[in-house]
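J.: Quick check, what structure comes out for this input:
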Amino acid sequence: MLDFKKIIAEEISKVVDINVEELETYIEIPKDTSMGDYAFPCFRLAKELKMAPPAIANNIKEKINVDEKYISKVEIVGGYLNFFVNNSLLAEEVLKEFDNKKENFGTSNIGAGKNIVIDYSSPNIAKPFHIGHLRSTVIGGALYNVYKFLGYNVTGVNHLGDYGTQFGKLIEGYKRWGEEYDIESNPIDELTKIYVRINELKRPNVANIEQIVVVATIREPQVPLMQLDRYLAQAKFFNIDAIICINKSDLITENEKREITNIYKPLGYDIVFTSAKNNDIASLLPYLKNKTSIFSGMSGVGKTSLINSIIGENLKTKDISSKNSRGRHTTRHTEIFEFDNSYIVDTPGFSLLKFDYIEPKEAEKLFDDIYCFSYRCKYSNCLHENESECNVLKNQDKIFKSRLDSYYAILKEAKTYKEKIKRQGKKVESRVKKVSDRDVPKISSQKRSYSRKKLKQSLGSDI
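T.: Below you'll find the predicted structure:
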């Protein structure tokens with residue numbers, strides 16, 4: 001096929017006395033086809049010829065003698081010479097080359113000796129394949145063929161997922177619950193259900209939990225009901241079953257036991273009363289059998305003492321602080337203990353468990369006794385504070401005050417989180433700055449020179 005760029009360069013070379021090879025590197029293909037098929041920027045010659053680019057363009061146009069067989073028209077636009085190829089000849093040349101090369105039409109050797117790697121979708125094999133993966137694979141396959149056609153040595157890569165944490169979780173989930181799922185008839189969807197079930201619990205970070213044992217005490221230390229509600233709300237958020245274990249039951253009265261039972265038993269929570277000091281743990285043991293349970297609660301409530309009684313070891317514990325009647329941290333990291341085909345996870349205690357990661361409307365779903373009334377609220381975005389026609393407020397006499405207080409405390413944290421997200425937004429720093437009403441590119445900090453003031457400060461600190 002004819003090399004139109006070379007033909008143009010040869011004619012210009014006769015006028016400006018510059019070799020053809022160099023001139024070919026100057027010739028461009030305009031983005032706007034109305035500006036021609038090829039363009040020669042005369043700016044490149046301005047310094048050498050000591051002439052203005054438009055004058056150079058006009059001089060070249062007057063002196064060159066391009067055969068109209070190849071170039072139908074030459075125009076001057078500013079400092080550019082725009083060349084229009086003879087379309088009839090071009091069409092004839094294209095058809096001739098297509099007839100000769102057939103399926104190899106369009107091949108090139110511009111990639112000869114060069115390597116290129118095309119990465120495809122790289123799906124996670126622990127999850128179903130979806131349209132996003134298909135899109136990346138189709139694009140990757142097309143790029144592979146294009147570069148191969150241009151002479152490159154192309155390698156297509158499709159990493160089949162991550163064999164790390166999530167795949168390990170799936171294996172563990174399959175070992176524990178595989179028999180509960182119909183994997184043979186519907187493997188992808190059923191394995192996905194197992195993958196979802198392998199939950200991860202925040203604060204502290206523990207995976208594969210089946211239930212949470214929320215350990216609390218009425219005395220030594222006194223655990224506020226609001227704190228107990230926070231642990232229960234966390235379990236609800238992560239869809240993990242929760243059991244309430246009131247430890248040090250030897251220090252509380254029957255009336256206090258009834259008060260706790262009246263609040264939480266109607267909500268579907270199992271409640272057990274234990275005394276690790278007296279080795280009174282029989283009521284708790286059936287709930288732990290053949291399960292992985294995490295013991296959560298404030299410091300000093302006796303989580304480690306309970307585990308000592310269950311597994312028969314003597315783990316380190318501390319007494320309650322006499323100054324403020326609060327617990328002292330003994331467990332400083334997460335530990336896992338095995339007994340009778342069951343697992344117990346002991347975690348550090350937290351004085352305050354915050355909900356700084358949820359949206360305000362999610363807060364009501366953490367409290368079944370509030371959520372059950374929210375369906376009849378007039379407004380779908382009702383937060384049950386002071387809205388008109390709020391069904392929760394109409395029925396607040398049926399909800400324990402301690403539970404409402406806990407809800408409003410978590411709601412406040414969720415609102416703060418939402419405002420924080422709003423303020424942060426998606427800020428993208430501009431690459432330009434305004435100087436005298438002009439956009440001037442910013443210099444990156446790596447390239448920016450030190451100011452004299454900064455250099456003096458640096459010198460002073462060195463001295």
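
J.: From now on I want contacts and neighbour counts done on CA atoms only, so please keep to that.
T.: OK.

J.: Not counting residues beside it along the chain, what's closest to residue 251?
T.: Excluding the flanking residues, the one nearest residue 251 by C-alpha to C-alpha, 6 or more residues apart in numbering is residue 219, at 6.7 Å.

J.: Now for that neighbour, how many residues are close by?
T.: Other residues within reach of residue 219, judged by other C-alpha atoms under 10 Å, total 16.

J.: That one and residue 17, how far apart?
T.: Plainly put, residue 219 is 100 Å away from residue 17 if you go by C-alpha to C-alpha, to the nearest Å.

J.: Repeat that for residue 46.
T.: From residue 46 to residue 17 the distance is 14 Å (C-alpha to C-alpha).

J.: same deal with residue 407?
T.: In this structure, residue 407 and residue 17 are 85 Å apart, going by C-alpha to C-alpha.

J.: ditto for residue 251
T.: Remark: distance between residue 251 and residue 17 (C-alpha to C-alpha) = 105 Å.

J.: Between the two, point out the one with more neighbours.
T.: Shown here are residue 251 and residue 17; by other C-alpha under 10 Å, residue 251 has more neighbours (11 against 8).

J.: Verify the contact between the more buried one and residue 221 for me.
T.: No. The pair residue 251 / residue 221 is not scored as a contact, 10.8 Å apart, by C-alpha atoms under 8 Å.

J.: Spit out the residues that contact these two alike.
T.: Counting by C-alpha atoms under 8 Å, 6 or more residues apart in numbering, no residue touches both residue 251 and residue 221.

J.: tell me the contacts of residue 193?
T.: Applying C-alpha under 8 Å, 6+ apart to residue 193 gives no contacts.

J.: Also residue 213?
T.: 242, 243, 244, 245, 293, 294, 295, 296.

J.: residues in contact with stretch 271-289?
T.: Residues outside stretch 271-289 that contact it (C-alpha under 8 Å, 6+ apart): 243-250, 261, 264-265, 302, 305-306, 309-310, 340-343.

J.: Those in helices, which ones?
T.: Here DSSP state H is the test, and these give 261, 264, 305, 306, 309, 310 as lying in helices.

J.: how does this protein divide up, domain by domain?
T.: Here the domain parsing of the chain from automatic domain parsing is 4-90, 107-157, 165-197, 200-346, 360-424.

J.: how about those in JSON lines, adding mean pLDDT?
T.: Shown next, in JSON lines, are the domains of the chain (pLDDT from 0 to 100):
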{"stretch": "domain 4-90", "mean pLDDT": "89"}
{"stretch": "domain 107-157", "mean pLDDT": "84"}
{"stretch": "domain 165-197", "mean pLDDT": "80"}
{"stretch": "domain 200-346", "mean pLDDT": "81"}
{"stretch": "domain 360-424", "mean pLDDT": "92"}
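
J.: now the ones you listed as TSV including distance to residue 98?
T.: Shown next, in TSV, are those (distance: least, C-alpha to C-alpha, whole Å):
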stretch	distance to residue 98
domain 4-90	12
domain 107-157	11
domain 165-197	47
domain 200-346	60
domain 360-424	57
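
J.: I'd like the distance between residue 30 and residue 41.
T.: Note on residue 30: its distance to residue 41, by C-alpha to C-alpha, is 11 Å.

J.: Which of those two has more residues huddled nearby?
T.: A count of neighbours by other C-alpha under 10 Å puts residue 41 above the other of residue 30 and residue 41, at 20 against 14.

J.: I'd like the distance between the closest residue in space to that one that isn't next to it in sequence and residue 64.
T.: Closest residue to residue 41 apart from its sequence neighbours, by C-alpha to C-alpha, 6+ apart: residue 80 at 4.7 Å. To residue 64, residue 80 is 15 Å away according to C-alpha to C-alpha.

J.: Comparing the two, which shows the higher neighbour count?
T.: Shown here are residue 80 and residue 64; by other C-alpha under 10 Å, residue 80 has more neighbours (20 against 15).

J.: you'd agree that one is up against residue 54?
T.: Yes. Using C-alpha under 8 Å, residue 80 is in contact with residue 54, at 7.3 Å.

J.: hey, what's in contact with both of those two?
T.: Residues within reach of residue 80 and of residue 54 at once, by C-alpha under 8 Å, 6+ apart, are residue 42.
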